[in-house]
Structure formats: structure tokens, C-alpha cells
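Asks: Task: produce atomic coordinates for the following.
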Amino acid sequence: LDDFYLNSVLPRRYDVMRNVTKCLPLVTEILNSVEKKEPRFKGIYCQHLPKDGIRVLSAKKFEIFLYLNPTGAFSVVELDNFSPEFPGTAAMKLGDGRKRSMSLWVEFITASGFLSARKLRSRFRNLVISVLSEKRFDRNVARLVDD
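Replies: So this is what the prediction gives:
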């Protein structure tokens, strides 16, 4: 049993960890590109090897989940103090202290005055799709998986 663990399990585990670590800069680049297209979404990704948010399918194929985390209505997101709950988080900056700053969010506010999570997810998803469709991202390396 020890031989199997040393000869099979440990090398495979190391390969998976190495491959996941290699793709973390790609995830950061995707989130930064989303932020460039839409400054209201601040992309944050933990650089240490996260366990939540990654599903390993094989040694070279895995899924990384990006979560949309609204960090509170009508407040400024302090990115220095912001610690994401999940490894891949796009924080939304809802206000910056100016009176008209909430007018930026009119497209996401429902008739009852609440932010629509469905509209926010849809916008974020469309931004990720547009970033992944750029020529610098190979479809075999990074692609969006339906929920």
C-alpha cells in the first residue's frame, strides 16, 4: 500500500497541484480583463492554492469557479481590507461616496429598489465570455462551463 501511495498517488497529486498553480495567473488575468472592461467589478483571486472553488477532473483538466460576491449595498469596497469568502471573487463597488454614484447601478436595480442578482450574474457572465473570446485566450486552455 505504501509503494502504491509513493509511486502513484504522490506523483499524481504533485502534478495536479503544479498544474493548478500554473493556471492561477490565467484566472487573475481573466478577472483583471473583466475589471478593465467594467470597472464596477473588482477581480480578486487568492494566490495561495485554494481548495474551495476548484474541481479536479483529471491531472490536466479541472474547473475553477468564479463567484460573484456583492459586498453590501451603498458602501465603498475597501480592496485592501477585502478578504474574499471564496477563492475566485469579483467584488462589486456599489458606491464611492458621491451622491450620483448609485446611478451607475440603475440597470441592475429592480422596480422594488433592490439589486437584481440575476442581472448582475448575467452581466458578469457576459463580461467573462467576451474576455474569453479574445484571441489571447485559447479555447482549449480556458472556456466557460454552463451552470
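Asks: Would you quantify the distance from residue 34 to residue 40?
Replies: Separation of residue 34 from residue 40 (C-beta to C-beta, to the nearest Å) stands at 10 Å. Bear in mind the C-beta positions are built from the backbone N, C-alpha and C, glycine included.
Asks: more crowded one of the two?
Replies: Shown here are residue 34 and residue 40; by other C-beta atoms under 10 Å, residue 34 has more neighbours (22 against 17).
Asks: what's near enough to touch that one?
Replies: 41, 43, 90, 124, 127, 128, 131 (C-beta atoms under 8 Å, 6 or more residues apart in numbering).
Asks: and if we set it to 7 Å?
Replies: 41, 43, 90, 127, 128, 131 (C-beta atoms under 7 Å, 6 or more residues apart in numbering).
Asks: And the helix or strand where it lies, what's buried?
Replies: Assessed by DSSP states H and E, residue 34 sits inside helix 10-37. Buried residues in helix 10-37, counting neighbours by 16 or more other C-beta atoms under 10 Å, are found at 16, 20, 24, 27, 28, 29, 30, 31, 33, 34, 35.
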